[in-house]
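Chemist: I would like the atomic coordinates for the input below:
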Amino acid sequence: MNRKVSKAIFPVAGLGTRFLPATKSVPKEIMTLVDRPLIQYAIDEARAAGIEDFIFVTSRGKSALEDYFDLAPDLEASLEKAGKTELLEVLRNTNMDSGTIAYLRQHKALGLGHAVSCASKLIGDEAFAVILTDDVIAGEKPCLQQMIEAYQETGGAMVATMEVSPEQTSSYGVLDIADQNGPIVKAKGMVEKPAAGTAPSNLAVIGRYILTPQVLANLETVGRGAGGEIQLTDAIAEEIRAGRDVFGYRFDGQRYDCGSKAGFLQATVAFALARDELRDEFAEFLTQMHAVQQAAQ
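Modeler: Numbers count the residues shown, from 1 in each chain. Take a look at the predicted model:
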């Protein structure tokens, strides 16, 4: 059975209101962790997992996102003339080949499920990945690569999962677990943002998915769910009700919620400390800041 996953959907139509006023003119996906925008981390993860076709579901005001992946011949020529070969290579690594990237508009903000369904005509009859750029995951092996390797064994649909505190479950889709085998858990149910105290487990779904075309068909019929939006979780849960396999994958890595200000700052610190050329100076600064705060108390 062919279980190749070569297409990925990136739902990037959100307004990024939690980061206003910055996102008044700059798409949230272009905001940078150290010196790379969020979208670049997602693209690099997808490339490492073997993704060949990149589908962006955008909205009005996202033209800067499209420009980011375009060629910059004047800038390249300037860097080449100045002999800045390392910077030139960094720049060229952001380019996307013609024909590998597509942009679609989500005209109404009807939720993640609706955003994914906007790309249905470009998916065809093969499995595909969904990557949410807000979730930045640092790991020795990229999260989506881990999942695709597991998917080769399991088939079905697969979602990335992580344990959260009971107080946090109402902010996530949560798995009801049938059984587990190492990092792979088989789901017998999924609940989107369960009310406090009602979650079937503390295993939350985060922003990486491997889905079948049947999930796209389910999105056409599930209707609106939590928050009055078309929920991707509901369409995946429909697979379980139909007797088809859905798995959760406990990825190896650290996830940062860059859709929140605190999570974005945490990721910035972590990624800066991971850079050889920044680590010592930045760590010294953090130590000094901590000492000042301690003295003030």
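
Chemist: for the chain, what helix or strand is lowest in average pLDDT?
Modeler: Lowest by mean pLDDT, DSSP states H and E among the helices and strands of the chain is helix 63-68, with a mean of 81.

Chemist: mind listing residues that contact the helix or strand that comes right after that helix?
Modeler: Per DSSP states H and E, the first helix or strand lying C-terminal to helix 63-68 is helix 73-81. Helix 73-81 is contacted from outside by Thr85, Leu87, Leu88, Leu91, Arg92, using C-beta atoms under 8 Å, 6 or more residues apart in numbering. Heads up, the C-betas are built off the backbone N, CA and C, glycines and all.

Chemist: ditto for stretch 36-50
Modeler: 4-6, 8, 10, 12, 28-33, 54, 65, 68, 94, 96, 129, 131, 133-134, 136-137, 142-145, 147-148, 258.

Chemist: where do the helices sit along this structure?
Modeler: 38-48, 63-68, 73-81, 85-92, 112-117, 120-123, 143-154, 213-219, 232-241, 261-273, 276-296 (DSSP state H).

Chemist: any low-confidence regions in the protein?
Modeler: Residues of the chain meeting the criterion pLDDT under 70: 1-2, 225-227.

Chemist: in space, what's closest to the residue nearest in space to the middle of it - neighbours in sequence excluded?
Modeler: Centroid check for the chain by C-alpha atoms, centre = their mean gives Leu132 as the closest residue, at 2.5 Å. Computed as C-beta to C-beta, 6 or more residues apart in numbering, the closest residue to Leu132 that is not its neighbour in sequence is Gly207, at 2.8 Å.

Chemist: wait, the one you found touches Cys143, no?
Modeler: No - proximity of Gly207 to Cys143 does not meet the contact threshold set by C-beta atoms under 8 Å, at 9.2 Å.

Chemist: ok, Asp131 to Ala8 distance?
Modeler: Let me fix one detail, which is that residue 131 is Ile and not Asp. 6 Å (C-beta to C-beta, to the nearest Å).

Chemist: same question, Ala127
Modeler: In terms of C-beta to C-beta, Ala127 sits 11 Å off from Ala8.

Chemist: list the contacts of the residue nearest to Leu132.
Modeler: Val130, Ile131, Leu132, Thr133, Asp134, Asp135, Ala160.

Chemist: from Ile30, how far out is Ser63?
Modeler: With C-beta to C-beta as the criterion, Ser63 and Ile30 are 11 Å apart.

Chemist: pick out whichever of those two has more residues nearby.
Modeler: With neighbours defined as other C-beta atoms under 10 Å, Ser63 and Ile30 compare such that Ile30 has more, 19 against 11.

Chemist: leaving out chain neighbours, which residue sits closest to the more buried one?
Modeler: Nearest non-adjacent residue to Ile30 (C-beta to C-beta, 6+ apart): Pro37, at 4.6 Å.

Chemist: which residues does that neighbour bridge with?
Modeler: Pro37 has the following beta-bridge partners by DSSP bridges: Thr32.
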